[in-house]
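In: Provide a 3D model corresponding to the input given below.
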Amino acid sequence: NASVGDNEAYTNYILQVVNNVTVEPKTSVPSVEKKVKDTNDTTGETTDWQDSADYDINDSVPFQLTATLPDNLDSYDEYYLELSDTLSSGLTYNKDAKVYLVNDDEKTDVTSSFTIADDGSSFKINNLKSLDGVTSSTKVVVEYTATLNENAVIGSEGNPNTVKLIYSNNPNYTGSGETSPTGETPEDTVIVFTYKVVVNKVKEDKKTPLEGAEFTLSKKLADGSLQEVAVVKNTAGTTFTFSGLDDGDYVLSETTTPNGYNTIDDVEFTVTADHDVESDSPALNSLSGDVTTGSIEFTSSTTDGSLTTNVVNKKGSVLPSTGGMGTTILYVVGTILVLAAGI
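Out: Numbering: from 1, shown residues only. Model prediction:
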């Protein structure tokens, strides 16, 4: 016990040894892990707690921190515990944290007993043993949400978030918990990913940029409705970027068409991403855009988190579809012309 490392703890003093006795002092250290849930807006499905997720910008992301306690908790007079949590700049804490003591199936809200930093960077208590029901098998669980904001990093770098546990590590210390010697666990990391779709507007030769368009991107929700993601106007020139997207089903619509060109049909596609859900260092492994309706193709970059496509406009005008109002007008005009010719 002459020196103790960061993630170690002292043992209890040995008061007396009689004769030749082999002693193996027992000590244990607590642990902590961080998890995140992932929701697909199109299917409505939400995963269990895992190590990575992907979300749209402005989505609320749920996180969970879980701390275990040392086997020799009873040896401490007081026990200091702090979950030190770090969010990346792409996430904003929503100030909605709840702290629970979990004993088997029993979950007790003890939020009011913890000191919580305004930015969600710390959840601490000076003496955990002052709470009823705390044993060495108790888990301390923190749950909160954070909003993915405009500073979110797009692509494989993602938006990493970490937690470490700071804890009393000397059961022989008799002072107050907040002044007790402490140890620290290694950090545990989860990552939140987000992506972008890039549309390049080109002429029939499939390479010459074409100005004067406007696009709207919408997402299909679980109830069958469409939620507008963004509108990118023709002031953007010939490249239209939709940033901060989740996986799911989308519809790309050309809402303004360059003069003298035909409007493309709506394009429906699915963004699919594979990322490690159980890993100490979660990674984005693949990203794809699968077109279900329309004639475009996406080029994927996992590093950039991008799906890029060319949208081709053809010159001329397209006749109205059969049965539409335009067809009716043509019939009426045609009939008038025939009658006029007969006269």
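In: show me where pLDDT drops low in the stretch 151-300 of the chain?
Out: Applying pLDDT under 70 to the stretch 151-300 of the chain flags residues 236.
In: would you mind measuring from Phe240 to Gly316?
Out: Going from Phe240 to Gly316 by C-beta to C-beta, to the nearest Å gives 23 Å. In this view, the C-beta of every residue, glycine as well, is placed from N, C-alpha and C.
In: go ahead and confirm Ser218 touches Val231.
Out: No. Assessed by C-beta atoms under 8 Å, Ser218 is found out of contact with Val231, at 9.8 Å.
In: who's more crowded, those two?
Out: When Ser218 and Val231 are compared for neighbours, Ser218 comes out ahead with 19 against 15, by other C-beta atoms under 10 Å.
In: on that earlier part again, with neighbour numbers in mind, choose between Phe240 and Gly316.
Out: Comparing Phe240 with Gly316 by neighbour count (other C-beta under 10 Å), the higher total belongs to Phe240, at 24 against 7.
In: so which helix or strand takes in that one?
Out: strand 239-245 (DSSP states H and E).
In: which other residues reach that strand?
Out: 56-58, 148, 150, 152, 154, 194-201, 213, 215, 217, 229-230, 232, 271 (C-beta atoms under 8 Å, 6 or more residues apart in numbering).
In: quick check on the residues you listed: which are buried?
Out: In the contacts of strand 239-245, burial by neighbour count holds for 56-57, 148, 152, 154, 194-201, 213, 215, 217, 229-230, 232, 271, counting by 16 or more other C-beta atoms under 10 Å.
In: restricted to strands, list the contacts of strand 239-245.
Out: Members of these lying in strands (criterion: DSSP state E): 148, 195-201, 215, 217, 229-230, 232, 271.
In: which stretches of the stretch 1-150 of the chain have low pLDDT?
Out: 1-27.
In: go again with 90.
Out: Along the stretch 1-150 of the chain, segments meeting pLDDT under 90 span 1-28.
In: all strands for it, in order.
Out: For the stretch 1-150 of the chain, the strands defined by DSSP state E, counting those that start in this stretch cover 31-36, 39-40, 45-46, 52-54, 60-68, 81-86, 91-93, 98-103, 106-109, 115-116, 122-125, 139-148.
In: give the other helices and strands that the first one contacts.
Out: Okay, so that is strand 31-36. Judged by 3 or more C-beta pairs under 8 Å, 6 or more residues apart in numbering; DSSP states H and E, the packing partners of strand 31-36 are strand 60-68, strand 159-168, strand 188-193.
In: what lines up beside the strand holding Phe240 in the sheet?
Out: If you go by DSSP bridges, strand 239-245 pairs up with strand 195-202 (antiparallel).
In: how far does the partner strand sit from the chain's center?
Out: 22 Å (C-alpha atoms, centre = their mean, to the nearest Å).
In: repeat that for stretch 85-92.
Out: A distance of 11 Å separates the centroid of the chain from that of stretch 85-92, by C-alpha atoms, centre = their mean.
In: what's the span of it, first residue to last?
Out: One end of stretch 85-92 sits 13 Å from the other (C-alpha to C-alpha, to the nearest Å).
In: buried ones in that stretch, by neighbour count?
Out: For stretch 85-92, by 16+ other C-beta under 10 Å, it's 85-88, 90-92.
In: identify the farthest-apart pair in these.
Out: The most widely separated members of these are Asp85 and Gly90, with 14.9 Å between them, by C-beta to C-beta.
In: related to what we said a few turns ago, closest to Asp205 out of the strands of the stretch 1-150 of the chain?
Out: strand 52-54 (35.6 Å).
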